[in-house]
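Asks: Sharing a model that was predicted from the sequence below.
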Amino acid sequence: MAHEQHNYLNHQKGIWSWLTTLDHKRIGIMYFVAIMSFFFLGGVFALLVRAELFTPGKTLFSADVYNRMMTYHGAIMVFMVIVPGIPAIFGNFVLPIMIGAKDVAFPRLNLMSWYMLMIGAAITGSTLFLENVDTGWTFYTPYSSIKTGLGVIPMVLGVFIIGFSSILTGLNFIVTTHKLRAPGMTMNRIPLMVWALYSTAILQVLATPVLAITLLLLIAEKTLGVGIFDPQLGGDPVLFQHFFWFYSHPAVYIMILPAMGVISELVATYSRKVIFGYTAIAYSSLAIAGVSFLVWGHHMFVSGQSEFAGILFSFITMLVGVPTAIKLFNWIATMYKGSIRLDAPMLFAIGFMFLFTIGGLTGVYLASTGMDVHFHDTYFVVAHFHYVMVGGTLMALMGALIYWFPKVTGKIYSDLTGRISWVFIFSGFNVTFFPQFILGNMGMPRRYYDYLPTFTELNQMSTFGSWLIGTGFLIGLFGVIYALLKGKEAGNNPFGGKTLEWTIPSPPPHENFESTPVLTGGPYEYR
Amino acid sequence: MSTANHSGGFHHAHHFNSAEHQYESSKQGIWLFLVTEILMFGGLFVGYSIYHSLYPQVFHAGSKQLSVVLGALNTVVLLFSSFTMALGINYVQRGLKNKAIIALAVTIACAAIFMVVKFFEYTHKFHVGTVPGKYAYTEELSASGEKVTKVGALLAEANKLSVVEREHKLHLDETEYEHLTLLEKTKNWPLFFGFYFVMSGIHGLHVLAGAFLIFWVLLKVIRNQVGPEYYTPVEGVGLFWHVVDLIWIYLFPLLYLVG
Ligand code: HEM
Ligand SMILES: [Cu+2]
């Protein structure tokens, strides 16, 4: 170290200063460490689940163990990785800087959200040792409420607390965006990443309380036997599905909207062009958030809801395609005639567009009531949601990691490592999940331990693909460690970004800005 | 956290421009939080209305068993406490410390009265057996092979006694006896008490949380940490308390008066 400049990393020293920090940048890093550990755990479960499915019948362990691993895989990935992922890590780090603020509106609350995620994760994780849960991540009644063991209670309680953490983060982001923008930064000048995080935050605040009450009712059902979901006592188990999906469908947009924000940033920076259709991209986020509340019934086409409801839900579901397509076309229009640089983050962005499109189009299949009767609860659904969530959110997460790494650490992430990691993840992903579309179409049900011998080849292909993905992420992790130890000094703006975070030193000083920036134009002023 | 500028004696946090700015932001945060509270109860209300339309007789018979007098008493107590809370905020803003302390203390006392009344209501329900779901049933089987409810068992005992003896031995007066008989004739009636206990229980937890928070701001008043220049915590807790009261205003007719 030639010259030691003063920044948020060396502002205070020692592990205690991290655990009690109120700095949004440090909290972002703490989220990164925590969420990546969960991701590792969820990934190991995924690899084990896939390994078990390498041959029909018993390959490694019993059906019982399989059910539990599948449950933990799903629950960890959804509630602890994909939902908090981009907002908690990158939102925390860049949102205040992008709008020219010194911190989020409520720094203490921000730290508290982190601790709530930790506590929730610990309670959920403790069931691994107390009593394993085998309900699947959706906790459907009556199985969860009447049949299976009491481990569901701590599991669900943990998820409840994690939900609280999510609500508080969303609340914090909304107030920050409303109240802490720098002079001149009107709502129509905030970067698209901020628009995406803002729409996500609205969803977090409006949808999560419904999950909270659903989970509380499930706990009440198990402890008090209130009978709301128990047909023997006059209740209706399907009500749980309505409640659950009223949250969980909007939740899939909690997972994907921040990813779309990342992609907007990457596309603008690596095409070196003014983003095409800023307003359309910005407001389509709000539109997606709004419509997402009206479509939950598409998870319940075969639950016995009325035909009219089915048709209505089918129609509204297809409407979500409109704002989504608006975004996609605007990104492509931005890239058109741009000076595109295919650096690793841009590769991940293009990967996102490719995989997310496949995921989205197969969603239209599933939204057609007739088709869904054929595909429901088959591997087609598994493939669909992995294309959307993993192909979408995780691709964006990797892109974001490499893109903002220099800003966060002051070191450049090796582009070559990033590209190699991309090749493995992208190809492995398709090898894993494309065969699952075919399997689903052939009739292989999801969540099953065993399958017909005819399905063997495709399953083996899928398992092989999972090893490729695993390797890809390990390479990505190697890249992080390598860059931290040996990375080149980054400088303020290594990629030529135009948003505010690129105007300050890397790593940023403790209070982000020496003097409050004053905005005179929009966020992407290329050419 | 470092606090920079001074403004009217109160230190605002470094990332805000002024005390006013910080106050506005905090208030927005509190309102957003209250929205989530209302949405959470909203889920319960939706469930309640669905089942109410599915089983009107269950909700009719069930609500008859609740004591309108006690429910109304609690409603009055909470309304009054909203008034004293509002007074408390006003006194803090005007710097009338002693009056603020009294107003806040009375509010806490109201919360305590509310909980005591709830306690008597609950224990009485345990006594007669109008409890939620599976706990409403005893292990005994009736002659026809159906599981017997605790209310059914109590009524069987009551039927052997005269009106005076019922009053004396089982603490059952005539109206209650009639209500329980009506209840026992209704299929699936424990469902109503499932809703009753969950809704009033979660609300009760909010009352406790609210009382705790008011106590916290009361301490702040005593220690002069809030006053005319800075009263955000008092106002925030006050808003929370009003929402808790508001929810009860909806719960009371829904649970006690639907019959
Ligand atoms: C290495 C990559 C991954 C592989 C090989 C993999 C594999 C699997 C498998 C085999 C299942 C069980 C399907 C069933 O029987 O219904 C599953 C379920 C699931 N996975 Fe993944 N997965 C991977 C990554 C992820 C990630 C990153 C997420 C995060 C969103 C995720 C979310 C889910 C969910 C929500 C379920 C449903 C669980 C349930 O229905 O109970 N997966 N995955
Ligand atoms: Cu959905």
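Replies: Sure thing, it's come through. Numbering: from 1, shown residues only, chains lettered A, B, ... in the order given. Ligands and ions are numbered 1, 2, ... in the order given.

Asks: Flag every buried residue along the one helix or strand B:Ile50 maps to.
Replies: Using DSSP states H and E, B:Ile50 maps to helix B:19-54. Going by neighbour count (16 or more other Cβ atoms under 10 Å in any protein chain shown), the buried part of helix B:19-54 is B:19, B:21-26, B:28-30, B:32-37, B:39-41, B:43-48, B:51-52. To be clear about C-beta, it is placed using only N, CA and C from the backbone, and glycine gets the same treatment.

Asks: can you narrow these to ones near chain A?
Replies: Among these, the residues lying close to chain A (Cβ under 8 Å from any Cβ of the partner chain) are B:21, B:24-26, B:28-29, B:32-33, B:35-37, B:39-41, B:43-44, B:47, B:51.

Asks: average pLDDT for stretch A:292-310?
Replies: The average pLDDT for stretch A:292-310 rounds to 91.

Asks: ignore the last one, stretch A:391-405
Replies: Mean pLDDT, stretch A:391-405: 96.

Asks: what pLDDT does A:Met187 get?
Replies: Note on A:Met187: pLDDT of 92.

Asks: And for the one 3 residues further on?
Replies: According to the per-residue confidence, A:Ile190 scores 94 in pLDDT.

Asks: Ligand 1 contacts on chain A?
Replies: Contact residues (Cβ under 6 Å from any ligand atom) of chain A with ligand 1: A:43, A:46, A:49-50, A:70, A:73-74, A:77-78, A:81-82, A:136-137, A:382, A:386, A:389-390, A:394, A:432, A:446-447, A:466, A:469-470.

Asks: So how do I select the buried members of those in PyMOL?
Replies: Per 16+ other Cβ under 10 Å, the buried members of the residues of chain A next to ligand 1 correspond to this PyMOL selection:
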select buried, chain A and resi 43+46+49+50+70+73+74+77+78+81+82+136+137+382+386+389+390+394+432+446+466+469+470
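
Asks: neighbours of the closest residue to A:Ile190 other than its chain neighbours, just the number please.
Replies: Counting by Cβ to Cβ, 6 or more residues apart in numbering or on different chains, A:Ile190 lies nearest to A:Ile99, which is 5.9 Å off, once chain neighbours are set aside. Neighbour count of A:Ile99, defined by other Cβ atoms under 10 Å in any protein chain shown: 24.

Asks: State the phi and psi torsions of A:Ile99.
Replies: phi -100, psi 10 (degrees, to the nearest 10).

Asks: Repeat that for B:His12.
Replies: phi -100, psi 160.

Asks: so it touches B:Ser26, yeah?
Replies: No. Assessed by Cβ atoms under 8 Å, B:His12 is found out of contact with B:Ser26, at 10.3 Å.

Asks: Where does pLDDT dip in the stretch 151-259 of chain B?
Replies: B:259 (pLDDT under 70).

Asks: Please report how far the residue in it positioned nearest to ligand 1 lies from chain A.
Replies: Minimum separation of the stretch 151-259 of chain B from ligand 1 (Cβ to the nearest ligand atom) falls at B:Val198, amounting to 26.7 Å. Look at B:Val198 and chain A: by Cβ to the nearest Cβ, to the nearest Å, they are 5 Å apart.

Asks: quick one: what helix or strand has that residue in it?
Replies: Here B:Val198 sits within helix B:190-222, counting by DSSP H and E.

Asks: Taking helix B:19-54 as reference, get the angle to that helix.
Replies: Helix B:190-222 runs at 170 degrees relative to helix B:19-54, counting by axes from the mean of the first three to the mean of the last three Cα atoms, to 10 degrees.

Asks: Show me what helix B:190-222 is packed against.
Replies: Contacts defined by 3 or more Cβ pairs under 8 Å, 6 or more residues apart in numbering or on different chains; DSSP states H and E place helix B:190-222 against helix A:192-224, helix B:19-54, helix B:56-65, helix B:97-128, helix B:232-252.

Asks: Compare those and say which comes out lowest on pLDDT.
Replies: Here the lowest mean pLDDT among the helices and strands packed on helix B:190-222 goes to helix B:56-65, at a mean of 90.

Asks: which of the residues in that helix are buried?
Replies: B:58-65.

Asks: near chain A, anything from that helix?
Replies: Yes. Using Cβ under 8 Å from any Cβ, helix B:56-65 reaches chain A at B:Val58.

Asks: Now do that helix against helix B:190-222: the angle between them, please.
Replies: Going by the same axes, to 10 degrees, helix B:56-65 makes 50 degrees with helix B:190-222.

Asks: Next SSE downstream of helix B:56-65?
Replies: helix B:68-94.

Asks: picking that back up, redo the buried residues of helix B:56-65 as CSV? Include distance to A:Gln12.
Replies: Output for the buried residues of helix B:56-65, formatted as CSV (distance: Cβ to Cβ, whole Å):
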residue, distance to A:Gln12
B:Val58, 61
B:Phe59, 59
B:His60, 64
B:Ala61, 64
B:Gly62, 59
B:Ser63, 59
B:Lys64, 64
B:Gln65, 61
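
Asks: returning to what we had before: can you report how many residues neighbour the nearest residue to the residue of the stretch 151-259 of chain B closest to ligand 1 once chain neighbours are set aside?
Replies: What sits nearest to B:Val198 in space, not counting adjacent residues and going by Cβ to Cβ, 6+ apart, is A:Ala220, at 5.1 Å. By other Cβ under 10 Å, 23 other residues sit near A:Ala220.

Asks: Touching, A:Ala220 and B:Met199? I think so.
Replies: No. Using Cβ under 8 Å, A:Ala220 makes no contact with B:Met199, being 10.3 Å away.

Asks: What are the phi and psi values at A:Val83?
Replies: Main-chain torsions, A:Val83, degrees, to the nearest 10: phi -70, psi -50.

Asks: can you pull the contacts of it?
Replies: Applying Cβ atoms under 8 Å, 6 or more residues apart in numbering or on different chains, we find A:Val83 in contact with A:166, A:251, A:254-255.

Asks: Next step: these restricted to strands.
Replies: Judged by DSSP state E, strands contain none of the contacts of A:Val83.

Asks: Between the two ends of stretch A:336-347, how far is it?
Replies: Taking Cα to Cα, to the nearest Å, the first and last residues of stretch A:336-347 lie 16 Å apart.

Asks: Give me the residues contacting it.
Replies: Stretch A:336-347 is contacted by residues A:266-267, A:270-273, A:276, A:350, A:399-400, A:402-403, A:413, A:415, A:417-419, A:421-422, A:426, A:495 when judged by Cβ under 8 Å, 6+ apart.

Asks: hmm, 6 Å instead?
Replies: By Cβ atoms under 6 Å, 6 or more residues apart in numbering or on different chains, the residues outside stretch A:336-347 that reach it are A:266, A:270-273, A:399, A:402-403, A:415, A:418-419, A:422.

Asks: wait, what's in contact with A:Gly310?
Replies: With Cβ under 6 Å, 6+ apart, A:Gly310 has these contacts: A:301, A:369.

Asks: Quick one: mean pLDDT for the strand or helix carrying A:Thr463?
Replies: Assessed by DSSP H and E, A:Thr463 sits inside helix A:456-486. What helix A:456-486 shows for mean pLDDT is 97.

Asks: Can you point out the buried residues in that helix?
Replies: Buried, per 16+ other Cβ under 10 Å, within helix A:456-486: A:458-459, A:461-463, A:465-470, A:472-473, A:475-476, A:479-480, A:483.
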